[in-house]
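> sharing a model prediction with you, sequence too.
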Amino acid sequence: MDSKSTNCAACTRRGRKCEKRFHGARDVEKVIRDDEKYAAELEAAEAELERVMAKIKRLRKMKKFNKERMGDIISHNGALLDRLDEEDPLTAEDLRELERLADEHDAAVAQLAATSDNPSLTQMIGSPSSPFWQNVDFSTFEVPGGTPGPSSNSPSGSR
């Protein structure tokens with residue numbers, strides 16, 4: 001190929017446009033720069049991946065240790081309770097007092113739930129007269145095993 005020409009020798013002899021043009025030094029340099037850039041990005045990504053994988057491994061190890069520790073705590077507390085029950089078993093009066101405290105706790109929770117400004121789903125479902133249900137159009141719901149309600153009343157578009 002002639003250094004002044006961008007065509008190969010065969011195309012120059014035939015007088016045609018060369019379909020096998022050679023890439024210039026700029027093209028080669030750009031590919032080399034891109035390759036170096038991608039190699040650096042890949043190296044950084046792999047380093048980040050190693051850091052994250054090490055963190056995941058460390059967290060799994062800590063979670064496993066914590067689970068074993070919880071098992072040890074439960075086992076210890078159970079054994080301690082058994083020993084205390086053997087040394088000083090609960091009397092009928094103690095059991096009644098524990099039951100009374102549990103009942104008080106349940107009553108307090110029920111009272112709190114009944115007077116709450118933010119009722120739980122159980123309260124809303126349990127009380128059909130609740131303001132929550134006032135704007136619900138039940139005709140748009142299907143009855144299991146039944147037929148769907150009239151579609152003319154159902155709102156179009158999203159909820």
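Right, received. Where do you want to start?
> name the SS class of V52, please.
helix (DSSP: H, G, I helix; E, B strand; the rest coil).
> can you check H23 too?
coil.
> and S75, by the same measure?
Remark: S75 carries the secondary structure label helix [criterion: three-state DSSP].
> against I56, how distant is it?
When C-beta to C-beta, to the nearest Å is the yardstick, S75 and I56 sit 29 Å from each other. Just so you know, the C-beta spots here come from the backbone N, C-alpha and C atoms, and that holds for glycine as well.
> before we move on, what about E43?
With C-beta to C-beta as the criterion, E43 and I56 are 20 Å apart.
> could you list the low-pLDDT ranges of the chain?
Along the chain, segments meeting pLDDT under 70 span 1-7, 19-21, 113-136, 138-159.
> kindly recompute the last result at 90.
1-25, 27, 81-82, 84-92, 94-95, 98, 105-159 (pLDDT under 90).
> what about the helices in this protein?
Listed in chain order, the helices of the chain (DSSP state H) span residues 9-14, 25-87, 92-115, 121-126.
> now for the third one, which elements pack on it?
The reference is to helix 92-115. Secondary-structure packing of helix 92-115 (3 or more C-beta pairs under 8 Å, 6 or more residues apart in numbering; DSSP states H and E): helix 121-126.
> re earlier: can you put the helices of the chain in JSON lines and add mean neighbour count and distance to D137?
Compiled in JSON lines, these are given as follows (neighbours: other C-beta atoms under 10 Å; distance: least, C-beta to C-beta, whole Å):
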{"stretch": "helix 9-14", "mean neighbour count": "12", "distance to D137": "78"}
{"stretch": "helix 25-87", "mean neighbour count": "10", "distance to D137": "48"}
{"stretch": "helix 92-115", "mean neighbour count": "10", "distance to D137": "27"}
{"stretch": "helix 121-126", "mean neighbour count": "11", "distance to D137": "16"}
